[in-house]
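[1] Following is a predicted model, sequence given first.
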Amino acid sequence: MNRISTLFNSTQEPILNVYATAGYPNFGDTMLVLNALQEGGVDIIEIGMPYSDPIADGETIQQSNQVSLDQGMSVAHLFDQLKNMRQSISVPVLLMGYINPVLQYGVERFCQKCQEVGVDGLILPDLPLAEYQQSYQTIFEQYGLLNIFLITPQTSDERIKQIDSISEGFIYMVSSASTTGAKTGISSDQEAYFKRIDGMKLKNPRLVGFGISDRESFLKASNGASGAIIGSAFVKLLGNAKNLREEIVGFVKSIKGLK
Amino acid sequence: MIDAGISFHVSEKGYYGDFGGAFIPEMLYPNVEELRLHYLEYMMEPSFQKEFHFLLKDFVGRPTPLFKAERLSAKYNTKIYLKREDLCHTGAHKVNNTIGQILMAKRLGKNKIVAETGAGQHGVATATVCALMGMECIIYMGAIDIERQAPNVARMKMLGATVVAAQSGSKTLKDATNEAMRHWINHPVDTHYIIGSVVGPHPYPDMVAKFQSVISEEIKWQLQEKEGRDYPDYILACVGGGSNAAGAFYHYLDEPRTALIAAEAAGQGVSSGHSAATTFLGKPGVLHGSKSLLMQTEDGQVIEPYSISAGLDYPGIGPLHAHLATSGRAKFFDITDDEALEAALECSMLEGIIPALETAHALAVFGKLGAKPDEVSVVNLSGRGDKDLATYQEKLKLNQ
């Protein structure tokens, strides 16, 4: 079984997935950030592959992407930074990014590299279901990579069932119609939406993303799902941190309610 | 010239050959899917057609004339006609599409409009139809373009639109498009996105091409009247995203006797590092929801294009045009800033028509085309040059 499904099967606690832009705040910080996240007790790490035109992302993640690219980050450099990742990192690792850099690297070569360095799955928001099934699914599966799909409050029940049927690992439940980092906090409407999806008895667990920034919103989101994803709030911390390792560990512990 | 068996029309899955598709985040899926399921049905409705053609006639001023350019013809020793899209209300072909899309938005039950703009022509055309229909209008425009196209910003504001500066990336058309898409992600229920070119996820490229196809529909009967045949030997248009070219080519895509000629902005030269000539410099890639040719780095990061013309300053090209280019159906010319400026001056002096800088790129092709004396060319004169006067004043030294 893959690391992600093993995690979901073995824990009853809310699962925390944290997104960090690769090569940010400094080009060489990627592994430092990963190790600190794990030390703090994170459950899943999502590494953002920077892109020049991230249309699903708000200002915070856009800026971190641009800074990282300006510092020379690329898909090839990222794989180089991750080549010994599994010597220290035992939690599941996802790569998040946009389809174009993957296409240019070569889809098969990309998947092969992911497997080689120990990446468990991919989140590619601009790779829609139909395109995935037609041209990508076979290759992803050949290299043991899970493809994590998004659903939103506007996604129809029929489509959610379709996504559930080809998903493995978990489904990324976007909390509201927005780009990343646009809103903070979880409203009662959103909680009702989480519960509605929970009531659908899907085979895959869900993690809630977008609008999660602190322990309160993390717990609210986890109430109707298996856990939640923090992105922009963490990237902001990375951008402002004076002592990177210490502040990352402290942040993760505060979300998880650990001392 | 045309291989039997190659289609230049969109497939059911939204592809032109290898190009097209709908690479969009799930947040946009419901809106784009709703459009995909209904756009053809709505467009075909007699009530839609009636309203569309009524507005094109009485509001836009169609049909636009097909004008025989005698002095240009004499200069290049061939027969040149100008399709006068510059005479459309708002000064360019862009309004053909915004009229169609605002009617589409009404049928989709949307009451707010978002759009991107580069030079400001599409923004003005969108703000215009929003004023006409009483809809709320938000236009994203690159911060740099806002500075270099001040008169169009003022026009949009006077028409009641909110103009928002796109501050990300290169602060030009590509980034304005990103911001418009982000706005749509954040407002999925009440808002329709009026894309200004034959780009974006399927069905946008096909829908926009169909609304613009009124251009070649008119050329057919106008040419029949003037030349006794309904097809030219060459049809010429400039291509940024490619909406005016798509409209001018549309009814000739499968006409083997008509050569399709596209002019791309080479900026300071294709190899100068300051260019927007996508078919010369691009590779297959995904941007703004479709797979097409794209100017990009080896790592797949989008390269900032350059052209003197804000309307051609785009790193991609519509998927139809990528297919026309790679299949050889259309011939692409790279035209530099200087060649375009010279052509703009020539058209002004010889024909009394000041063309838009974008259009001037198409006119510049005559110096390279080698059309014969009895051959007939139609140039899509996509827009008028008023918006470019500041550039013309500076570059053509008109103040001296």
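    Thanks, I have it.

[2] Which strand residues bridge the closest residue to B:D86 other than its chain neighbours?
    Using C-beta to C-beta, 6 or more residues apart in numbering or on different chains and skipping residues adjacent in sequence, the residue nearest B:D86 is B:R384, 3.8 Å away. (Glycine included, C-beta is placed from N, CA and C.) Beta-bridge pairing for B:R384 (DSSP bridges): B:P355.

[3] Tell me if B:G200 really is in a strand.
    No - applying DSSP: H, G, I helix; E, B strand; the rest coil, one finds B:G200 to be coil, outside a strand.

[4] ok now do the spatially closest residue to it that is not a sequence neighbour, which residues does it touch?
    Excluding its sequence neighbours, the residue lying closest to B:G200 (C-beta to C-beta, 6+ apart) is B:G289, at 4.9 Å. Going by C-beta atoms under 8 Å, 6 or more residues apart in numbering or on different chains, B:G289 touches A:126, B:22-24, B:28, B:32, B:181, B:199-201, B:204.

[5] Now, these that are in strands?
    Applying DSSP state E to the contacts of B:G289, no entry is found in strands.

[6] so which of those is the most crowded?
    Most neighbours among those, by other C-beta atoms under 10 Å in any protein chain shown: B:Y204, with 29 neighbours.

[7] Can you tell me which residues in chain A are near chain B?
    A:51-53, A:55-56, A:58-59, A:62, A:66, A:69, A:74-76, A:98-105, A:125-128, A:130-131, A:149-152, A:154-156, A:159, A:174, A:177-179, A:182 (C-beta under 8 Å from any C-beta of the partner chain).

[8] Pull out the buried members of the residues you listed.
    With neighbours counted using 16 or more other C-beta atoms under 10 Å in any protein chain shown, the residues of chain A next to chain B contain these buried positions: A:51-53, A:55-56, A:58, A:62, A:66, A:69, A:74-75, A:98-105, A:125-128, A:131, A:149-152, A:154-155, A:159, A:174, A:177-179, A:182.

[9] so what's the residue nearest to B:D86 up against?
    Counting by C-beta under 8 Å, 6+ apart, B:R384 makes contact with B:86-87, B:91-92, B:353-356.

[10] which of those residues are buried?
    Applying 16+ other C-beta under 10 Å to those flags B:86-87, B:91-92, B:353-356 as buried.

[11] returning to what we had before: please report how far the residue nearest to B:D86 lies from B:I195.
    23 Å (C-beta to C-beta, to the nearest Å).

[12] what are the phi and psi angles of the residue in chain B that chain A sits nearest to?
    Nearest residue of chain B to chain A (C-beta to the nearest C-beta) works out as B:G300 at 3.4 Å. Main-chain dihedrals, B:G300, degrees, to the nearest 10: phi 80, psi 20.

[13] same question, the one 4 residues further on
    In this entry, B:E304 is assigned phi and psi values of phi -70, psi 120 (degrees, to the nearest 10).

[14] got a pLDDT number for it?
    We have a pLDDT of 90 for B:E304.

[15] I figured it was touching B:L173, is that so?
    No - if you go by C-beta atoms under 8 Å, B:E304 and B:L173 don't touch, sitting 10.5 Å apart.

[16] ranges for the strands of the stretch 151-259 of chain A?
    Along the stretch 151-259 of chain A, counting by DSSP state E, counting those that start in this stretch, strands occupy A:171-174, A:206-209, A:227-230.

[17] Dump those into CSV; add mean pLDDT as well.
    Output for the strands of the stretch 151-259 of chain A, formatted as CSV (pLDDT from 0 to 100):
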stretch, mean pLDDT
strand A:171-174, 97
strand A:206-209, 97
strand A:227-230, 98
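
[18] count of residues packed around B:Q393?
    12.

[19] Report the contact partners of B:E358.
    By C-beta under 8 Å, 6+ apart, B:E358 lies in contact with B:119, B:238, B:240, B:244, B:265, B:309, B:311-312, B:382-383.

[20] burial measure for B:G61, as a count.
    13.

[21] tell me which parts of the stretch 301-400 of chain B are close to chain A?
    The stretch 301-400 of chain B comes close to chain A at residues B:301-302, as judged by C-beta under 8 Å from any C-beta.

[22] pLDDT below threshold where in the stretch 301-400 of chain B?
    For the stretch 301-400 of chain B, not a single residue meets the criterion pLDDT under 70.

[23] how about the helices in it?
    B:319-327, B:337-351, B:357-363, B:366-369, B:389-395 (DSSP state H, counting those that start in this stretch).

[24] again, but for chain A
    A:3-10, A:30-40, A:59-70, A:75-81, A:99-105, A:107-117, A:129-131, A:137-142, A:157-166, A:188-198, A:215-223, A:232-240, A:244-256 (DSSP state H).

[25] With respect to burial, which of those scores highest?
    helix A:99-105 (a mean of 23; mean count of other C-beta atoms under 10 Å in any protein chain shown).

[26] Mean pLDDT per helix and strand in chain B: which one sits at the bottom?
    helix B:143-148 (a mean of 88; mean pLDDT, DSSP states H and E).

[27] on that earlier part again, which residues touch the residue of chain B closest to chain A?
    With C-beta under 8 Å, 6+ apart, B:G300 has these contacts: A:51, A:75, A:100-105, B:285.

[28] could I get these as a markdown table with pLDDT?
    Formatted as a markdown table, the contacts of B:G300 follow (pLDDT from 0 to 100):
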| residue | pLDDT |
| --- | --- |
| A:Y51 | 97 |
| A:V75 | 98 |
| A:N100 | 98 |
| A:P101 | 98 |
| A:V102 | 98 |
| A:L103 | 97 |
| A:Q104 | 98 |
| A:Y105 | 98 |
| B:G285 | 98 |
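
[29] quick check, nearest of those to A:F8?
    A:V102 (25.4 Å; C-beta to C-beta).

[30] Need the nearest residue in space to that closest one, chain neighbours excluded.
    A:V102 sits nearest to A:F110 (C-beta to C-beta, 6+ apart), 5.1 Å away.

[31] about what we covered before: need the strands of the stretch 151-259 of chain A in a markdown table (columns: distance to B:P188).
    Below are the strands of the stretch 151-259 of chain A laid out as a markdown table (distance: least, C-beta to C-beta, whole Å):
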| stretch | distance to B:P188 |
| --- | --- |
| strand A:171-174 | 11 |
| strand A:206-209 | 17 |
| strand A:227-230 | 20 |
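
[32] what about those strands, which gets the closest to B:H53?
    Comparing the strands of the stretch 151-259 of chain A by C-beta to C-beta, strand A:171-174 comes nearest, at 41.2 Å.

[33] mind checking how far B:A119 is from A:E131?
    32 Å.

[34] Most widely separated two among the contacts of B:G300?
    Taking C-beta to C-beta, the two most distant members of these are A:V75 and B:G285; they sit 13.5 Å apart.

[35] and for those two, which residues touch both?
    Contacts common to A:V75 and B:G285, judged by C-beta under 8 Å, 6+ apart, are A:104, B:300.

[36] show me the residues around B:L320 that make contact.
    With C-beta under 8 Å, 6+ apart, B:L320 has these contacts: B:8, B:10, B:16, B:19-20, B:198, B:205, B:209, B:242, B:246.

[37] quick one: the helices in the stretch 151-300 of chain B?
    Counting by DSSP H, counting those that start in this stretch, the helices of the stretch 151-300 of chain B are B:173-186, B:204-212, B:214-227, B:243-249, B:278-281.

[38] Which strands or helices does the last one pack on?
    Applying 3 or more C-beta pairs under 8 Å, 6 or more residues apart in numbering or on different chains; DSSP states H and E, one finds that helix B:278-281 makes contact with strand B:259-267, strand B:290-294, helix B:319-327, strand B:330-336.

[39] List the buried residues of it.
    B:278-281.

[40] Using CSV, please lay out the residues you listed together with distance to B:K79.
    Listed next are those as CSV, based on distance: C-beta to C-beta, whole Å:
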residue, distance to B:K79
B:T278, 30
B:T279, 27
B:F280, 29
B:L281, 33
